[in-house]
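In: just coords:
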């Protein structure tokens, strides 16, 4: 572990630095310029290679015909364009797609595409599993293996775009929005996530608008503060509780970074974004836990300092085996929404999408070796209660 800006980052490398090929897919324009200069090449090689990779979808260096044969040979020997393998491709009855990708070391992650009339949102992962253990999230129950590299993060977008290429959505781009809301806590994989974001925002990369690229965090406060000096993409906060007492139970990182500190960091980030930008507060509704009238009133008071700059996204809980939680009745969801709107909070209820293929919010699991042993404890608890666990190996 290392410390950066006062927060811990799991720096366990996905590959051994210096012994593995250079992964060009995850390198920003600045990083590629520096790389080519180190080879004695001109910086404009970065522009050429980014166009080949992200615009022309090149899979080999040999196809990059505006590079010299000598440079292509060098890249062939030293660099890689490798991407994860597509292991499964599931399509929901509502049009949602979920892919299971196998990484080079055998670990597996999930990525979800959600088509809507006016947009196509790709939900991508930042870690193999999740370093956190939110009590209502299936990913957290699977444990944690490692951080993703920037190339593995970008590859999810590249592979999804390729899979959706021949699908007519009635708009120029299938993927209009990208959200870092898949497996993992993005801000505990800080530098690779920022490098990937740079590629996704760049017109030489995928040209995603900063307002359409959202980073979601459970509240790594020092990293939010550090983020303000590095990017201005949209920010979403996984709050899920209006008080520290309840959030300590639901989102354990709150014990280290309580709500007041989190909202203060959000205020600092909002100052970076400018007066017309807002942040999204995500709130998963759990029946009888955080969806009561008194919870709504407490949330109104909790968010009061940011009232004018907050969009509230209510998420009816998506069940998974052994969670111990239930989804509220639709009437309770509406009542909670109406209470928040009466207090002048812009409040939307997220439509559940892809739950028939376990692609809904909080249901992603992947398949990987759990370094924390969290998964084995979860499976043992399910078996103790007589619940069948489909597809769980307990690795």
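Out: Arrived safely, thanks for sending. Keep in mind that what you see is a predicted model, and the values were worked out from it rather than measured.
In: What residue spans form the domains of the protein?
Out: Residue ranges for each domain of the chain read 22-80, 85-384, as given by automatic domain parsing.
In: For the stretch 251-395 of the chain, which segments count as strands?
Out: Per DSSP state E, counting those that start in this stretch, the stretch 251-395 of the chain carries strands over the ranges 279-285, 310-316, 346-349.
In: Now do the first one against strand 310-316: the angle between them, please.
Out: Angle between the axes of strand 279-285 and strand 310-316 is 20 degrees (criterion: axes from the mean of the first three to the mean of the last three Cα atoms, to 10 degrees).
In: rounded to a whole number, what's the mean pLDDT of strand 279-285?
Out: Across strand 279-285, the average pLDDT comes to 96.
In: check contacts around residue 68.
Out: Contacts for residue 68 (Cβ atoms under 8 Å, 6 or more residues apart in numbering) come out as none. From N, CA and C alone the C-beta is placed, and that goes for glycine too.
In: repeat for residue 241
Out: Counting by Cβ under 8 Å, 6+ apart, residue 241 touches 247, 249-251, 254, 290.
In: what's the farthest-apart pair in the residues you listed?
Out: 254 and 290 (12.9 Å; Cβ to Cβ).
In: For the two, indicate the residue with more neighbours.
Out: Using other Cβ atoms under 10 Å, the more surrounded residue of residue 254 and residue 290 is residue 290, with 27 against 24.
In: What does the pLDDT read for the more buried one?
Out: Predicted confidence (pLDDT) for residue 290: 97.
In: For the residue nearest the centre of the chain, name its beta-bridge partners.
Out: Residue closest to the mean C-alpha point of the chain, counted by Cα atoms, centre = their mean, is residue 180 at 2.3 Å. Counting by DSSP bridges, residue 180 forms beta bridges with residue 215.
In: Helices of the stretch 201-350 of the chain, residue ranges please.
Out: Counting by DSSP state H, counting those that start in this stretch, the stretch 201-350 of the chain has helices at residues 221-227, 244-250, 259-273, 293-302, 330-342.
In: dump the residue contacts of the nearest residue to residue 127 once chain neighbours are set aside.
Out: Using Cβ to Cβ, 6 or more residues apart in numbering and skipping the chain neighbours, the partner closest in space to residue 127 is residue 184 (2.6 Å). By Cβ under 8 Å, 6+ apart, residue 184 lies in contact with 125-131, 139, 147-148.
In: from these, which is closest to residue 276?
Out: residue 126 (27.5 Å).
In: how many other residues sit next to that closest one?
Out: Using other Cβ under 10 Å, residue 126 has 27 other residues around it.
In: most tightly surrounded among the helices of the stretch 201-350 of the chain?
Out: Counting by mean count of other Cβ atoms under 10 Å, helix 221-227 has the highest mean neighbour count of the helices of the stretch 201-350 of the chain, with a mean of 22.
In: mean confidence for that helix?
Out: For helix 221-227, the mean pLDDT works out to 96.
In: helices or strands up against it?
Out: Where contact means 3 or more Cβ pairs under 8 Å, 6 or more residues apart in numbering; DSSP states H and E, helix 221-227 is packed against strand 7-9, helix 190-201, strand 213-217, helix 259-273.
In: Please report the distance of residue 82 from residue 155.
Out: Remark: distance between residue 82 and residue 155 (Cβ to Cβ, to the nearest Å) = 8 Å.
In: Of these two, give the one with the bigger neighbour count.
Out: Neighbour tally, residue 82 and residue 155, criterion other Cβ under 10 Å: the higher count belongs to residue 155, 24 against 16.
In: Wait, a helix at the more buried one?
Out: Yes. Per DSSP: H, G, I helix; E, B strand; the rest coil, residue 155 lies within a helix segment.
In: and the spatially closest residue to it that is not a sequence neighbour, what helix or strand is that in?
Out: In space, and not counting its chain neighbours, residue 155 is closest to residue 83: 4.2 Å by Cβ to Cβ, 6+ apart. For residue 83, there is no enclosing helix or strand under DSSP states H and E.
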